[in-house]
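S.K.: mind looking at a prediction? Sequence and model below.
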Amino acid sequence: MAKTKVKIRILVADDHAIFREGLRKLLENAEDVEIVGEAPNGNECVRLLDKLKPDVLLLDLRMPEKDGLSVLENVNFDALQTRVIVLTAAEDDRDVVRAMRLGARGIVLKQSASDLLVKSIRKVHQGEIWLDNRMTAEVINAFKKSSEGGGRKDKPLLSDREREIVQLVAQGFRNREIGEKLFISEQTVKNHLHNIFDKLGVSDRLELALYAIHHRLIEQT
């Protein structure tokens, strides 16, 4: 008997019924994706998150009652293990940066091709960050504007070990998991990250992952 393929369970939160219906029809063609719930506003989104505990939340930032940023602020996604992709038409860069700071793992433009949306769901579900090239550049520029201190070094010299750690951080692995994969202690991973942050002029893991993708320090499939 063939083994049943486990599907990625999706919750869609958007206040436009026509858009939600379009997403449902689009994702029906993907064998490994399943929409398990729809929320027309932020309050319903929070309720369904707690009830359904989906793998991925497709979240619109502009919704009544509680907007997408408020959902990100008020929900403990570490406890839920739900990864968030923000769906946006043309949001302010500041909102996109804030969404990423609050835990979103992907930004997808609503006008993107359907195959890119499905690909982003798969990548984010695997723990990676998803941004298209234009959005990555905009987010990086916004990070630069909001960062304190001096600019980054143009050509940082990373060791092979540091590059390995950057790649694993961008794939969503935690320090303990990185240590296990590389056969080093968690403290050694922390020491490497401290040096990497200093060399690249970034302030946290998210900014490191975005910087690495934008500057091609890692391979992006």
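M.R.: Cool, got the structure. Residues are numbered from 1 along each chain as shown.
S.K.: helix/strand/coil for the nearest residue to residue 104 once chain neighbours are set aside?
M.R.: For residue 104, ignoring the flanking residues on the chain, the nearest one in space by CB to CB, 6 or more residues apart in numbering is residue 84 at 4.5 Å. (C-beta placed from N, C-alpha, C; glycine too.) Three-state secondary structure (criterion: DSSP: H, G, I helix; E, B strand; the rest coil) places residue 84 in strand.
S.K.: can we start the residue count at 44 from this point?
M.R.: Okay, using 44 as the starting number, the last item reads as residue 127.
S.K.: ok, residue 127 - contacts?
M.R.: Listed by CB atoms under 8 Å, 6 or more residues apart in numbering, the contact partners of residue 127 are 99-100, 102, 115, 120, 142, 146-149, 167.
S.K.: one more time with 10 Å, if that's ok
M.R.: By CB atoms under 10 Å, 6 or more residues apart in numbering, the residues touching residue 127 are 54, 56, 92, 99-102, 111, 114-115, 118, 120, 142-143, 145-150, 167.
S.K.: any figure for the gap between the residue positioned nearest the centre of the chain and residue 253?
M.R.: For the chain, residue 148 is the residue whose C-alpha lies nearest the centre (CA atoms, centre = their mean; 0.9 Å). In this view, residue 148 and residue 253 are 11 Å apart by CB to CB, to the nearest Å.
S.K.: overlap of the contact sets of the two?
M.R.: By CB under 10 Å, 6+ apart, the residues touching both residue 148 and residue 253 are 172, 174.
S.K.: what segments of this protein are strands?
M.R.: Counting by DSSP state E, residue ranges of the strands within the chain are 51-56, 76-82, 99-103, 126-131, 149-152, 173-174.
S.K.: let me have those strands in JSON lines, adding mean pLDDT as columns.
M.R.: Compiled in JSON lines, those are given as follows (pLDDT from 0 to 100):
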{"stretch": "strand 51-56", "mean pLDDT": "97"}
{"stretch": "strand 76-82", "mean pLDDT": "95"}
{"stretch": "strand 99-103", "mean pLDDT": "96"}
{"stretch": "strand 126-131", "mean pLDDT": "92"}
{"stretch": "strand 149-152", "mean pLDDT": "88"}
{"stretch": "strand 173-174", "mean pLDDT": "84"}
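S.K.: mind checking those strands for the one nearest to residue 224?
M.R.: When those are ranked by distance to residue 224, counting by CB to CB, first place goes to strand 126-131 at 20.1 Å.
S.K.: list the buried residues of the closest one.
M.R.: Across strand 126-131, burial judged by 16 or more other CB atoms under 10 Å covers 126-131.
S.K.: again with stretch 74-91
M.R.: 76, 78-85, 87-89, 91.
S.K.: between the two ends of it, what distance do you get?
M.R.: The distance separating the two terminal residues of stretch 74-91, taken as CA to CA, to the nearest Å, comes to 23 Å.
S.K.: also stretch 114-131?
M.R.: Start-to-end span of stretch 114-131 (CA to CA) is 15 Å.
S.K.: hmm, back to that, from the buried residues of strand 126-131, which is closest to residue 228?
M.R.: The shortest distance between residue 228 and any of those, using CB to CB, involves residue 126 and amounts to 27.7 Å.
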